[in-house]
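Student: sequence first, then the predicted structure:
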Amino acid sequence: MNWNELIAEVTAVGAGGDSYEQVTGVEYDSRRVRPGAIFVAMKGGSTDGNRYVDKALAAGALGIITDFAPTFDHLLVFQPGLPVLEVEHGRRALAEASAAFFGHPERKLAATGITGTNGKTTTAYLIESLLNAAQRKTVLVGTIEYHVAGEVRPSLHTTPESRDLYELMAEGAARGATELVTEVSSHALDQGRAAGVSFDVAVFTNLTRDHLDYHLTMEKYFAAKRLLFDGTVYAAPRVAVINAHDPRAEELSAAAAKAGAEVRTYGIGVGEWRAARHTLTPSGAVLELETPAGAAKVVSRLAGEVNILNLLAALASAHARDVSFADLVEFIPRLQPVPGRFQSIDAGQPFTVIVDYAHTDDALRNLTALARQMTARTGGRVITLFGCGGDRDRTKRPKMGLAAGQGSDFVVATSDNPRSEEPLAILAEIEPGLKSSGVRYVVEPDRATAIRLALGEAKPGDVVLLAGKGHEKEQILGFKSIHFDDAEVALSTLAEMGYGGEQ
């Protein structure tokens, strides 16, 4: 594909220069430009790619696509003949150029997108597992890792830039994948990172307070999520799968239906895809499913009511992708818990240790409520360790303190990823919530020490929750990252306490 062929697929407002040279790549990061590549210079949230056009050209860029008119004019004047394209929307242009360069993989994969504050990762994993059990090859894009037709890769972003998403899809399609399952964050929807992908199925898990450092208000946060369903920016999905318990469910269902989507709701005791009755067990749950596709009693290895909701979302979505109800019922007992999502750490200790990604007040309430259900059988206590991320929404810090305090018998407040903020300053903003809850608590900014404190406090029958980081393998301190894995630290601490065994 040459420059002229590629830009024919990009929505432009101005163009200059021709080239019949073969394009070797499409890049938005000047550091990744190689000779023959096209550099898409676009304004971003933290930087402006137009500042790096000279570096891209020095690295051998064949042509420039820019969303900044002065850059376009400058290049035409000072480098006449250079292939340049001016566009109105940089990220949309990046998606259009990437789709063209990678051979339109979005046309070869049926896409399922999952958005919501909590539950995206687990729901995505469950949908992929159900599709894999039905002998479908998949591309999974999410918070923990990426899967490309069975190959596991580290995740760089929950939803990557469109250029990287299209490359993953193209690699998957080349290996026989027919399905894309991707988490779609509110940032990604707002910024257009999923531009050009037509979602066959779109899933809404819930909306609770988070990311207000970016969206500023809950209305704007919801408006970003809604974009996946209402057909105003992205094509409306064929099927919208919506959590019937969420206060926004009716509004979102109406918007999706108006855009032409088939709406499927799910819930516990409510919704079209529902768990009419359920019993929680130490190892999961027993569910009586009632759905438009059939009814069945099934055993799930996923613990807690929140995972019942995630499972129902996955079932409705996989069925929308033509997996039969009978097959879904057969596959449910095989589904495994997701790493870092209510992950049990077992070294033979007489108390339960759980690592979980819960990092919002709503997620902490769900987590501690599940732990409380577990201690009802043992007579034990709930011990919760958590922190709040730096350079993120500060207003949720006391709310998380209150949620942890109300749901626990003892709380250890510690660091999450403090980033550029002072850890003690973050903890000071958590403390008002803890104090108002009346819970007994300690503050320890060093997370490894805090984990030792939490485990050292535990007695037989207790449940210790290590919340916030889940699957993450590093901690961001200032402007550097160190290796840090809650599960590893917990196991080594339990070994120091005299317990041993396999996780």
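Tutor: Thanks, I have the structure now. Numbering: from 1, shown residues only.

Student: okay, the helix or strand hosting Y221 in PDB with CA atoms only?
Tutor: When secondary structure is defined using DSSP states H and E, the element that contains Y221 is helix 218-226. Extracted in PDB, the C-alpha atoms of helix 218-226 (Å, rounded to 0.1, in the frame of the first residue of the first chain):
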ATOM      1  CA  MET A 218     -20.600  11.600  36.900                       C
ATOM      2  CA  GLU A 219     -22.800  12.900  34.000                       C
ATOM      3  CA  LYS A 220     -19.700  13.200  31.700                       C
ATOM      4  CA  TYR A 221     -18.400   9.800  32.900                       C
ATOM      5  CA  PHE A 222     -21.700   8.200  32.000                       C
ATOM      6  CA  ALA A 223     -21.900  10.100  28.700                       C
ATOM      7  CA  ALA A 224     -18.600   8.500  27.800                       C
ATOM      8  CA  LYS A 225     -19.800   5.000  28.600                       C
ATOM      9  CA  ARG A 226     -23.100   5.700  26.700                       C
END
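
Student: need the contact partners of the helix or strand just after it.
Tutor: Next helix or strand after helix 218-226 toward the C-terminus (DSSP H and E): strand 239-243. For strand 239-243, the external contacting residues (C-beta atoms under 8 Å, 6 or more residues apart in numbering) are 116, 200-206, 229, 249, 252-253, 256-257, 261-267, 271, 273, 309, 313, 316-317, 320. Yep, even glycine has a C-beta here, placed from its N, CA and C like the rest.

Student: how close does Y146 get to K108?
Tutor: 17 Å (C-beta to C-beta, to the nearest Å).

Student: out of those two, which sits in the more crowded spot?
Tutor: In this view Y146 and K108 are compared by other C-beta atoms under 10 Å, and Y146 has more residues nearby, 22 against 15.

Student: did I read that right, the more buried one in a strand?
Tutor: Yes. With the criterion set as DSSP: H, G, I helix; E, B strand; the rest coil, the secondary structure at Y146 is a strand.

Student: surely it touches H157?
Tutor: No. Y146 is beyond contact range of H157, at 9.9 Å (criterion: C-beta atoms under 8 Å).

Student: residue contacts, N118?
Tutor: Each residue near N118 by C-beta under 8 Å, 6+ apart is listed here: 205-206, 208, 306, 358, 360, 362-363, 366.

Student: now do 6 Å
Tutor: 206, 363 (C-beta atoms under 6 Å, 6 or more residues apart in numbering).

Student: quick one: secondary structure of it?
Tutor: With three-state DSSP as the criterion, N118 was assigned coil.

Student: still on that earlier bit, packing partners of the helix holding Y221?
Tutor: Helices and strands in packing contact with helix 218-226 are listed as helix 186-191; criterion 3 or more C-beta pairs under 6 Å, 6 or more residues apart in numbering; DSSP states H and E.

Student: other residues contacting the helix it packs on?
Tutor: The contact list for helix 186-191, computed with C-beta under 6 Å, 6+ apart, reads 91, 159, 194, 211, 221, 224-225, 227-228.

Student: report the next helix or strand after that helix in sequence order.
Tutor: Past helix 186-191, further along toward the C-terminus, the next helix or strand under DSSP H and E is strand 199-204.

Student: partner strands of that next one and their direction?
Tutor: When pairing is defined by DSSP bridges, strand 199-204 lines up against strand 110-115 (parallel), strand 239-243 (parallel).
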